[in-house]
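Trainee: for reference, the sequence and a predicted model appear below.
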Amino acid sequence: MKILAIHGSPRKEGNSEILLKEALKVIEAEGQEVIVIKAATMKIAPCLNCDGCVETGQCIIKDDMDSVFDAIKEADRVLVVSPVFFFGVPAQLKALIDRCQALWCKKYLLKQPISDKKDRKGLLILVGGMARERGFEASNATVTAFFRTIDVPKHEFIYFKSIDAKGEVLKHPEALRATREAAKRLIQVE
């Protein structure tokens, strides 16, 4: 099974990266193949809304997103781990998601499959300093649209609120445990 893990945070060794590493421990211990994409370390230009993908389903911008498109096509499972910034995912992750407009055109306008993989599913893990759910729900809406566009018809969504300072999630063993359990569910074959 191929697992695509997308990390959305620009902060190194922050809370979302700690949670990503917890999830990957479980996934790798089960012998799964993992591709990790760190959006903040890649050269991904924002979508230009140029309609260059409307007739082909392929983005005309050539940058690191090409490898992301390949990884999406090959993945059996997709894991997204991110902080929440101002009720949304960070700009680096949002640029990656927005560039999937080409895949949206491929799927919905051209009626072509995104992948030949079957029974794909996803997992979204969010962490942030806010105490209310609204920002997490807004981020989930964005990632849900991304998942559905890339032929991930269902996903689990977990989030951890009121965790903001770098590394603070380590003081929340319940968050670490919940992340490991969700990772186990992600790789289960139904």
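Mentor: Okay, I see it. Keep in mind it's a predicted model, so treat the numbers as computed, not measured.

Trainee: wait, what's in contact with the residue nearest to the spatial centre of the chain?
Mentor: The chain has Val80 as the residue nearest its centroid, 2.6 Å off, counting by Cα atoms, centre = their mean. By Cβ atoms under 8 Å, 6 or more residues apart in numbering, Val80 lies in contact with 6, 8, 93, 122-125, 143, 146. Any C-beta I mention is one placed from the backbone N, CA and C, and that applies to glycine too.

Trainee: kindly indicate which of those residues lies nearest Cys59.
Mentor: Set against Cys59, the nearest of those by Cβ to Cβ is Phe146 (14.7 Å).

Trainee: doesn't that closest one belong to a helix?
Mentor: Yes. The assignment for Phe146 by DSSP: H, G, I helix; E, B strand; the rest coil puts it in a helix.

Trainee: and the closest residue to it other than its chain neighbours, helix, strand or coil?
Mentor: Nearest residue to Phe146 in three dimensions, chain neighbours excluded: Ile97, at 4.6 Å (Cβ to Cβ, 6 or more residues apart in numbering). Counting by three-state DSSP, the backbone at Ile97 sits in helix.

Trainee: secondary structure element for the residue of the chain positioned farthest from its centre?
Mentor: In the chain, the residue that sits farthest from the middle, by Cα atoms, centre = their mean, is Glu55; the gap is 26.2 Å. Under DSSP states H and E, no helix or strand contains Glu55.

Trainee: residues contacting it?
Mentor: If you count contacts by Cβ under 8 Å, 6+ apart, Glu55 has them with Leu110.

Trainee: relative to Asn140, how far out is it?
Mentor: 32 Å (Cβ to Cβ, to the nearest Å).

Trainee: distance of the residue farthest from the centre of the chain from Gln101?
Mentor: 13 Å.

Trainee: contacts for the helix or strand harbouring Glu137 next, please.
Mentor: Assigned by DSSP H and E, Glu137 belongs to helix 134-149. For helix 134-149, the surrounding residues in contact (Cβ under 8 Å, 6+ apart) are 78, 80, 82, 84, 86-89, 94, 97, 100, 103-104, 107, 114, 122, 124, 126, 128, 130, 153, 155, 157, 159, 161.

Trainee: show me those that map onto strands.
Mentor: The strands, defined by DSSP state E, take in 78, 80, 82, 122, 124, 126, 155, 157, 159 from the contacts of helix 134-149.
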